[in-house]
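[1] Fold the stuff below for me.
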Amino acid sequence: MSSPTSSAVPAEVAPAARERDRARGGQYRDHRVVSNGAAHDEKIGPVAYGWLSVATALTTLALKAVAAWITGSVSLMSDAFESIVNVVAAVLAVVALRVAQRPADDKFPHGYEKVEYFSSGFEGALIVVAAGGIVFEAIPRLVAPEPIQSIDTGLVFTAAATALNVAVAQVLFRAARKHRSIALEADAHHLMSDVWTSVGVFAAILAVRLTGWHLLDPFAALLVAANIVRIGVSLVGRSMRGLLDAGFDGEEAEKVRASLDALAAKHAIEFHALRTRQAGSRRFIAVHVLVPGTWTVQHGHDLCEEVEHELRDLAPRTTVFTHLEPIEDPRSFDDQHLDR
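    Residues are numbered from 1 along each chain as shown. Predicted structure coming up:
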């Protein structure tokens, strides 16, 4: 079904329209696409935060490796092993963030933001692998506990690494919310899983120092492994939802519906076939607008502009697709499903 919002642009107009669109930083299309994309230089932020995560992972790895080497503690060794995973994951996140900032092109007309889901999913999987490594190291120590050496020195190095991870994780959480980046959020969760690992290890080593019960060392390592498995599985699940184009949920979905309801009441019109999805930091909203068939093209166009403006204002980096239909035509109600 054709509409003013999906009709082709005449050949003689297309080159000029394409040039005007590129000058605005957008991408020319023959159908109705409205986007409030951020400027290219705004994408530098997430990558810089990614490099901060890499630097933090390398520093904490060095601190924990020294602590494990000095003490011979299996829980500290497991903590250091997880930090190796952190380094790999942080580098992958930087690569994903750099790819995600590429502008949309003819091959990927919806942009590259979705690559962040691959990074966060792989990072979640690596967290689970790290937990497996911890269990592998801890179980033999349950059977045959070994004494820990230079406990005080090991605690100092562990405390320093933990404090650094806490500080940087909070910075990454704020950056993830600001840039709506699941890759940065995964990095922040990864650092916090490292923090809880270190807190558990710190408590176990301190308890060993006070009680002399060396069995606490591997037991703490197993508890920490269970916690980071939970975090890793959660990250993988969120990434799968993103790759499967899950719609908005919670408050964000309610805002879209409330905005459309208000517009419908204001103009005595209807909406249907509402579809939403998220690709990394980019939001997509598609909706059909049903108006009286007696309206002029200009009237319908003005309404669509208002609808698009209202929806774009709900969240940054939102792309809106609208399709105008006559409300009296029964065929307008036949295309609400995905296969139409």
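
[2] pLDDT wise, what is residue 160 at?
    pLDDT, residue 160: 90.

[3] For it, grab the count of nearby residues.
    16 (other Cβ atoms under 10 Å). All C-beta atoms are positioned from the backbone trio N, CA, C, and that covers glycine.

[4] Going by secondary structure, it is in what exactly?
    When elements are assigned from DSSP states H and E, residue 160 belongs to helix 151-179.

[5] Return the distance of that helix from the chain's centre.
    20 Å (Cα atoms, centre = their mean, to the nearest Å).

[6] quick one, the following helix or strand past that helix and helix 151-179 angle?
    Per DSSP H and E, the first helix or strand lying C-terminal to helix 151-179 is helix 182-211. Counting by axes from the mean of the first three to the mean of the last three Cα atoms, to 10 degrees, helix 182-211 lies at 160 degrees to helix 151-179.

[7] Give me the mean pLDDT for whichever helix or strand comes after helix 182-211.
    Per DSSP H and E, helix 182-211 leads on to helix 216-243 as the next helix or strand towards the C-terminus. Here helix 216-243 scores 81 as its mean pLDDT.

[8] let's have the chain start at 5 instead
    Noted, 5 is the first residue going forward, which turns the last one into helix 220-247.

[9] Which strands and helices lie in contact with helix 220-247?
    When contacts are defined as 3 or more Cβ pairs under 8 Å, 6 or more residues apart in numbering; DSSP states H and E, helix 220-247 packs onto helix 78-104, helix 119-147, helix 186-215.

[10] that older thread, what is the orientation angle of the helix holding residue 164 with helix 78-104?
    Interaxial angle, helix 155-183 versus helix 78-104 (the same axes, to 10 degrees): 20 degrees.

[11] re the thing from before, right, and the helices and strands packed on helix 220-247 - which one's nearest residue 163?
    helix 186-215 (6.6 Å; Cβ to Cβ).

[12] Quick check: buried residues in that closest one?
    By neighbour count on 16 or more other Cβ atoms under 10 Å, the buried set for helix 186-215 is 186-206, 208-209, 212.

[13] on that earlier part again, the helices and strands packed on helix 220-247 into JSON lines, with extra columns for mean pLDDT and distance to residue 173?
    Output for those, formatted as JSON lines (pLDDT from 0 to 100; distance: least, Cβ to Cβ, whole Å):
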{"stretch": "helix 78-104", "mean pLDDT": "79", "distance to residue 173": "11"}
{"stretch": "helix 119-147", "mean pLDDT": "81", "distance to residue 173": "14"}
{"stretch": "helix 186-215", "mean pLDDT": "80", "distance to residue 173": "4"}
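
[14] So for residue 156, which of those sits nearest?
    Checked against Cβ to Cβ, the stretch from the helices and strands packed on helix 220-247 lying closest is helix 186-215, at 7.6 Å.

[15] Adding distance to residue 164, write the helices and strands packed on helix 220-247 out as CSV.
    Below are the helices and strands packed on helix 220-247 laid out as CSV (distance: least, Cβ to Cβ, whole Å):
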stretch, distance to residue 164
helix 78-104, 13
helix 119-147, 21
helix 186-215, 10
